[in-house]
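>>> predicted model and sequence below, questions to follow.
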Amino acid sequence: MSEPLRVAAAVEGPTDAIVLRAVLDRLLGNAEFEFQTLQPEGSAVFGSAPFGKTGMGWGGVYRWARQSAAEGGGSVAGSSVLSNHDLLIVHVDADVAGTTYASAGIRHPPCQDLPCEGDCPPAEQTTNALRTVVLRWLGLGRSVPRLILCTPSKNTEAWVIAALWPDNPVMLRGDWECHPHPEGQLRALPLARRIRKRATDYRAKQGEITATWPSVSAQCAEAARFDQEFRTALPRVRTSASPETDSPPQTS
């Protein structure tokens, strides 16, 4: 029997971790896996523990990335973060591309590469630029095996609305991934399905997000990109771990 897949994640906040876990439940099917939130600390996602020195939001992901790169001798590729896990997911919302380092209290970034927002559509004009920025935070010039970037446009709530309210009239107008504030649609959800952006509400909808992931990835290009990159990375991890006996889990 193979060991459970070890998946680690650095995300902006607790609700992002819940959505990501719901997506992994779909992508990994019945396969056994362990999910650990490195940023914010795993205990903080499901309880009230302090968030540590790195803090919350994208600034917390930045500080975590810089610490991990330093621990790895200048790159996360050499850090224990990668060596201790089969896959590492780093999540940063695309709306970060329109901000500055100063807005997150960051004084000395490795490069003055924010803001980097491009025209939208297409969303990838911005997310591609943001991915380059995030890789710099990690001390990388390009991605490395077992690292998967997750860059919802404009933020994770675009995926949540697509999952919970597929007939949302604002989304159906088109260019949903360019809507500047998809989280505003949470308040517009029909009363029976309405949620707030808090962990308890998101956990209650976790199963629904898992079940509707195929339609989310069909609606949102960045969801489709994450889906594809995760599926591409998975067989490589399994083959490396045990080429004679392991096989990728069912993802249908």
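All right, it came through fine.
>>> contacting residues around residue 178?
Going by C-beta atoms under 8 Å, 6 or more residues apart in numbering, residue 178 touches 120-121, 123, 153-154. Yep, even glycine has a C-beta here, placed from its N, CA and C like the rest.
>>> again with residue 181
Per C-beta under 8 Å, 6+ apart, neighbours of residue 181: residue 154.
>>> for it, give me the pLDDT.
Listed pLDDT for residue 181 reads 96.
>>> roughly how far apart are it and residue 196?
To residue 196, residue 181 is 15 Å away according to C-beta to C-beta, to the nearest Å.
>>> from the contacts of residue 178, pick the one nearest residue 201.
For the contacts of residue 178, the residue nearest residue 201 by C-beta to C-beta is residue 154; the value is 20.2 Å.
>>> if we can go back for a sec, now, of the contacts of residue 178, which are buried?
Buried members of these, counted by 16 or more other C-beta atoms under 10 Å: 120, 123, 153-154.
>>> show me where the stretch 151-252 of the chain has helices.
Counting by DSSP state H, counting those that start in this stretch, one finds helices in the stretch 151-252 of the chain at the ranges 156-164, 169-172, 199-204, 206-211, 213-219, 221-241.
>>> mind putting these into a markdown table with mean neighbour count and mean pLDDT?
Listed next are the helices of the stretch 151-252 of the chain as a markdown table, based on neighbours: other C-beta atoms under 10 Å; pLDDT from 0 to 100:
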| stretch | mean neighbour count | mean pLDDT |
| --- | --- | --- |
| helix 156-164 | 25 | 97 |
| helix 169-172 | 13 | 95 |
| helix 199-204 | 15 | 96 |
| helix 206-211 | 16 | 98 |
| helix 213-219 | 18 | 98 |
| helix 221-241 | 17 | 86 |
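>>> centroid residue for the protein?
For the chain, the residue sitting closest to the mean C-alpha position, by C-alpha atoms, centre = their mean, is residue 91 at 3.3 Å.
>>> my guess is it contacts residue 19. True?
No: counting by C-beta atoms under 8 Å, residue 19 is not a contact partner of residue 91; they are 9.2 Å apart.
>>> joint contacts of these two?
Common neighbours of residue 91 and residue 19 (C-beta under 8 Å, 6+ apart) are residue 156.
>>> which helix or strand lies directly C-terminal to the helix or strand of the chain with the lowest mean pLDDT?
Here the helix or strand of the chain ranked lowest by mean pLDDT, DSSP states H and E is helix 42-46, holding a mean of 45. Moving toward the C-terminus from helix 42-46, the next helix or strand (DSSP states H and E) is helix 57-71.
>>> that next one: which residues count as buried?
57-69.
>>> from those residues, which two are the most distant?
Taking C-beta to C-beta, the two most distant members of the buried residues of helix 57-71 are 57 and 69; they sit 18.9 Å apart.
>>> quick check: the gap between the residue nearest to residue 109 when sequence neighbours are not counted and residue 131.
Leaving aside its sequence neighbours, residue 109 sits nearest to residue 101 (C-beta to C-beta, 6 or more residues apart in numbering; 4.7 Å). For residue 101, the distance to residue 131 (C-beta to C-beta) stands at 17 Å.
>>> neighbour count winner among these two?
Using other C-beta atoms under 10 Å, the more surrounded residue of residue 101 and residue 131 is residue 131, with 22 against 17.
>>> what's the more buried one sitting at in phi/psi?
Recorded main-chain torsions at residue 131 are phi -60, psi -40, according to degrees, to the nearest 10.
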